[in-house]
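**Q** Let me see the structure of the following:
(4 chains)
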Protein chains: 2
Amino acid sequence: MAPSLKESSTKPGKRNNRMHLGTALISVDLVVFRLHDEQLQILTRKKTTPSGSALVLPSGRIEPDHDDSLDATAKRLLSYATNHSPSYLEQVVTIGDSNRDSRGWSLTVVYYGLLNGNEADYSDDSQWLNVTAGKTAAPLAYDHESLVQEAWLRLKNKVQYSSVPIYLLPDEFVLSDIKKVFSAILEKSPPMRSIRNRFLKGGLLIDTGRLRRGSNRPATLYTANRAAETCLFNRLYLSTQE
Amino acid sequence: MAPSLKESSTKPGKRNNRMHLGTALISVDLVVFRLHDEQLQILTRKKTTPSGSALVLPSGRIEPDHDDSLDATAKRLLSYATNHSPSYLEQVVTIGDSNRDSRGWSLTVVYYGLLNGNEADYSDDSQWLNVTAGKTAAPLAYDHESLVQEAWLRLKNKVQYSSVPIYLLPDEFVLSDIKKVFSAILEKSPPMRSIRNRFLKGGLLIDTGRLRRGSNRPATLYTANRAAETCLFNRLYLSTQE
DNA sequence: GCAATAGTGTCTCTTAGACACTATGGT
DNA sequence: ACCATAGTGTCTAAGAGACACTATTGC
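**A** Numbering: from 1, shown residues only, chains lettered A, B, ... in the order given. Okay, the predicted model is just below:
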């Protein structure tokens, strides 16, 4: 009864007649980011077609009987790929035109999600792809690369003036981990000084009292202060012309 | 042949069966802002129903045969209401759930547009409504008030760190007009000093050489520098906690 | 001791924002 | 002269960003 995930990718063929009276082929596509070994990555799925295999974004359709809202659809689709619920989920844009799907007019609501770095299980056919400067390390099917590009742009912007960097980190982290988030996304990072001021003065971090030890001076471990209301900062790299 | 605008508002009735295989009732709703007498206003349409009349946002359906993209749909819908093309148009959000339309699952792509203050013709059944602090001066039908709220929030944010304020002004304007834009949207304004620095140093304005005269010292008239790439600023009122 | 990373002190530059001041028109 | 609005000079506070410095661990 419920539409299956696979249906978002049936083979081409003119079926414009399905689109009438304000209805269209609708799908929800997810760009799920994580940080892994100081590399920004997105979650993709290996899809096997008669003509070979390709990488696609997790996506699917609205299930009107189960999804109360578009956000619910996005969350449900994400749960198919991982048992990990996202620390952050945001709608990026809705794209609709007659080009992106050969079947005719189609409409996609694009979300991006951030996973914190805690361990999690992922479905077997999932694959993580490095993302550098908004480009994926391997090609994606359909227009999915441009969707990644858009989501990445949004992330890149938001990272510079909000508290999102900490959503990519595990429950406990160290200040230099935040620096790594900046580096992974912007390919550069503000100095520790600026990061400290921003996140500590903003009250976004809670000192756990514990330390991370290594072959050097131990670093204090922090947790995200979930009580802190979303706070905004001056955008980074404004004076230095980026 | 082409679906008419009116169809976005046929009377309620359970028609869930139309929603299948990833299709749903889709509409595009517009929140069109303008500045009039130093007041922020939105464009609404008087809709007469059997049970009286109500105010609604301009909205309609995608016409797959005419609209190349969602943006095209938004522009087409706007052209029905005014001969004035918007100086700025941006997608705000897509809302989909089972509550907002009594017919079942529905989906709306919300855009907001800015009209510059030049004179224009508007359709006869259109009506401008003051918007103060995101609230419309008169109630709107459906969930349209909340759509206005969302669009207004976006506008309010953007006004603080981008060049959008000038998109609400006519072709030629004066620095204090920019101040009025801030006041209309934020209910306060940075001092002239800050506005001058921001917009002039940013190269966003071109001195026309002409002056606006009144019963006081004349003010220099500027035009928006359309060549200037979209530039970003530090957000206003960050230190003063808004 | 040394290497390595954590974290601080402090300076410069830019911008926001306040506010008093001057400038220039009309009447 | 006086009013009204345009526009400037200049100061303060805060943050970004640079960078040299100190701190604390393992080895």
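
**Q** Can you classify the residue lying closest to A:P190 once chain neighbours are set aside by secondary structure?
**A** Nearest residue to A:P190, sequence neighbours excluded (Cβ to Cβ, 6 or more residues apart in numbering or on different chains): A:L236, at 5.7 Å. Glycine gets a C-beta too; all of them are placed from N, C-alpha and C. Look at A:L236: counting by DSSP: H, G, I helix; E, B strand; the rest coil, its state is coil.

**Q** OK, contacts around A:L236?
**A** Contacts for A:L236 (Cβ atoms under 8 Å, 6 or more residues apart in numbering or on different chains) come out as A:Q160, A:Y161, A:L186, A:P190, A:S194.

**Q** how near is it to A:R196?
**A** Distance, A:L236 to A:R196, by Cβ to Cβ, to the nearest Å: 14 Å.

**Q** How about A:D207?
**A** 12 Å.

**Q** Neighbour count for these two, which is higher?
**A** Between A:D207 and A:R196, A:R196 has the larger neighbour count (other Cβ atoms under 10 Å in any protein chain shown), namely 14 against 10.

**Q** Determine if any part of the helix or strand A:T108 falls within is in contact with chain B.
**A** Assigned by DSSP states H and E, A:T108 falls within strand A:106-114. Yes: for strand A:106-114, a contact with chain B is found by Cβ under 8 Å from any Cβ of the partner chain, at A:L107, A:V109.

**Q** Kindly calculate the angle that that strand makes with strand B:106-114.
**A** 80 degrees (axes from the mean of the first three to the mean of the last three Cα atoms, to 10 degrees).

**Q** What is the subsequent helix or strand relative to strand A:106-114?
**A** strand A:126-132.

**Q** Now do that next one: which elements does it pack against?
**A** Packing contacts for strand A:126-132, counted by 3 or more Cβ pairs under 8 Å, 6 or more residues apart in numbering or on different chains; DSSP states H and E, involve strand A:25-36, strand A:39-49.

**Q** got the contact list for A:S183?
**A** Contacts here follow Cβ under 8 Å, 6+ apart; on that basis A:S183 touches A:E38, A:S189.

**Q** is it fair to say it lies in a helix?
**A** Yes: per three-state DSSP, A:S183 lies within a helix segment.

**Q** Regarding stretch A:83-94, how distant is the last residue from the first?
**A** Its start and end residues considered, stretch A:83-94 measures 26 Å (Cα to Cα, to the nearest Å).

**Q** quick one: buried residues of it?
**A** A:H84, A:P86, A:S87, A:Y88, A:L89, A:E90, A:Q91, A:V92, A:V93, A:T94 (16 or more other Cβ atoms under 10 Å in any protein chain shown).

**Q** and what of stretch A:114-124?
**A** A:L114, A:L115, A:N116, A:G117, A:Y122.

**Q** Per-residue pLDDT of A:R15, please?
**A** Predicted confidence (pLDDT) for A:R15: 41.

**Q** Do you have the helices of chain A handy? List them.
**A** Counting by DSSP state H, chain A has helices at residues A:70-81, A:144-159, A:175-186, A:192-196.
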